[in-house]
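Colleague: sequence and predicted structure, then a few things I'm wondering about:
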Amino acid sequence: MRILPLLALAIISLATPLLHAQDAVATPTVPGLSEAGPTFTIPASQIPKHWTIIGYGDTRFTDPADTKNTNPSVRRALVNQIASERPDALLISGDLPLNGNVENDYTVYRTETQPWRDAHLRVYPALGNHEMHGGEAVGLKNWWATFPELNNRRWYSVSFGNAWILSLDSNAPLTAGSPQQSWIAAQFAALPKTVQFVFIVMHHPIVGDDFPLSTHNVRSNEAALGQFLAATAPTLKVRITVLCGHVHNYEHFLKDGITYLVAGGGAAKPYKVERNPQDLYKGTDDINYHYLTFRFDGKVVHAEMHRLANPDSPNPTWDTRDTFDLTPLR
């Protein structure tokens with residue numbers, strides 16, 4: 001499985017190669033993660049003219065005997081379906097394991113995602129709050145053991161042809177003056193004129209529906225990033241899409257010219273949301289196990305939300321429940 005680019009856009013799981021080393025070039029680790037350019041670069045020769053990116057999150061890989069916190073059959077159905085799509089990049093918006101301090105959760109992740117390795121997928125994960133369960137120190141230790149190319153990095157970027165991927169850590173400050181927001185500003189300043197699309201993947205949502213649990217409503221940390229994006233986006237002339245998770249459902253917003261998506265249907269226990277009028281998704285289903293595809297046709301990115309129609313069936317079928325286009329600004 002090609003996971004995030006290493007000296008070749010790959011991530012290695014506990015020393016198990018997941019990708020071909022010639023696939024990407026990594027910038028050497030910089031103290032404080034202060035590099036202005038991309039952390040990883042995929043050579044143009046490795047990116048097709050018509051590329052596909054898939055995004056989803058809140059998978060909660062753990063012992064398959066646990067059917068309370070996550071649905072293992074749905075988890076596997078999503079993994080297999082994504083592998084069959086063979087995207088050029090896969091973005092995961094956090095909560096990859098159920099408990100970041102449990103090494104076996106990452107063992108289950110590696111076992112269940114064998115189809116991704118078989119399909120040679122590039123996988124770009126973001127840190128969620130469940131990665132920190134049991135304590136930040138042990139959580140990061142297990143995270144970096146699973147993804148050693150990320151060692152000492154909690155956020156990173158990928159140059160992907162005419163797209164740029166930013167993977168953020170919403171467990172850390174995103175407020176004005178914070179190291180992470182300063183790094184984002186430096187990344188934006190370094191965007192080549194050839195970049196038309198920026199995909200930001202992170203865990204906690206910047207914009208969202210009302211939710212009964214206050215811990216799952218928009219927090220001040222992410223709201224501060226939203227204010228920064230609103231002020232900065234008009235100067236960039238790139239189409240920005242933010243992919244989040246944390247809420248185990250699907251949400252779609254357009255605010256300040258930025259597309260905000262919550263794609264938390266990766267198999268974690270479903271959450272019901274109270275949709276406000278600004279949510280562009282009007283589906284009434286409480287359970288939305290799903291993934292998103294972003295397909296660039298050479299001019300426009302066509303986005304679709306694919307919902308698992310029959311989560312209780314051994315023969316999964318998929319409905320396309322939301323469609324929209326991301327048009328370049330230059």
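Modeller: Happy to help now that I have it.

Colleague: from now on I want contacts and neighbour counts done on CA atoms only, so please keep to that.
Modeller: Noted.

Colleague: how about residue 238, what does it touch?
Modeller: Residues in contact with residue 238, defined by C-alpha atoms under 8 Å, 6 or more residues apart in numbering, are 195-198, 328-330.

Colleague: the strands in the stretch 101-250 of the chain, which residues?
Modeller: In the stretch 101-250 of the chain, the strands defined using DSSP state E, counting those that start in this stretch lie at 123-125, 156-160, 163-167, 197-201, 239-244, 250-255.

Colleague: ok, now which ones touch residue 268?
Modeller: 58-60, 69-71, 248.

Colleague: which single one of the residues you listed is nearest to residue 165?
Modeller: Closest approach between the contacts of residue 268 and residue 165, by C-alpha to C-alpha: residue 58, at 19.0 Å.

Colleague: circling back to that earlier point, make a markdown table from the strands of the stretch 101-250 of the chain and add distance to residue 173 to it.
Modeller: Below are those laid out as a markdown table (distance: least, C-alpha to C-alpha, whole Å):
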| stretch | distance to residue 173 |
| --- | --- |
| strand 123-125 | 18 |
| strand 156-160 | 15 |
| strand 163-167 | 14 |
| strand 197-201 | 15 |
| strand 239-244 | 16 |
| strand 250-255 | 22 |
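
Colleague: can I get those in CSV with mean pLDDT and mean neighbour count?
Modeller: As requested, these are exported to CSV (pLDDT from 0 to 100; neighbours: other C-alpha atoms under 10 Å):
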stretch, mean pLDDT, mean neighbour count
strand 123-125, 98, 26
strand 156-160, 97, 24
strand 163-167, 98, 23
strand 197-201, 98, 23
strand 239-244, 98, 24
strand 250-255, 97, 21
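
Colleague: picking that back up, most neighbours among the contacts of residue 238, which one is it?
Modeller: residue 197 (24 neighbours; other C-alpha atoms under 10 Å).

Colleague: ok, now how distant is that one from residue 180?
Modeller: From residue 197 over to residue 180 the distance is 20 Å, taken as C-alpha to C-alpha, to the nearest Å.

Colleague: and residue 76, that one's in a helix?
Modeller: Yes: with DSSP: H, G, I helix; E, B strand; the rest coil as the criterion, residue 76 is located in a helix.

Colleague: surely it and residue 112 touch.
Modeller: Yes: between residue 76 and residue 112 there is a contact under C-alpha atoms under 8 Å: 6.6 Å.

Colleague: out of the strands of the stretch 101-250 of the chain, which is closest to residue 216?
Modeller: Between the strands of the stretch 101-250 of the chain, strand 239-244 lies closest to residue 216; by C-alpha to C-alpha that is 11.9 Å.
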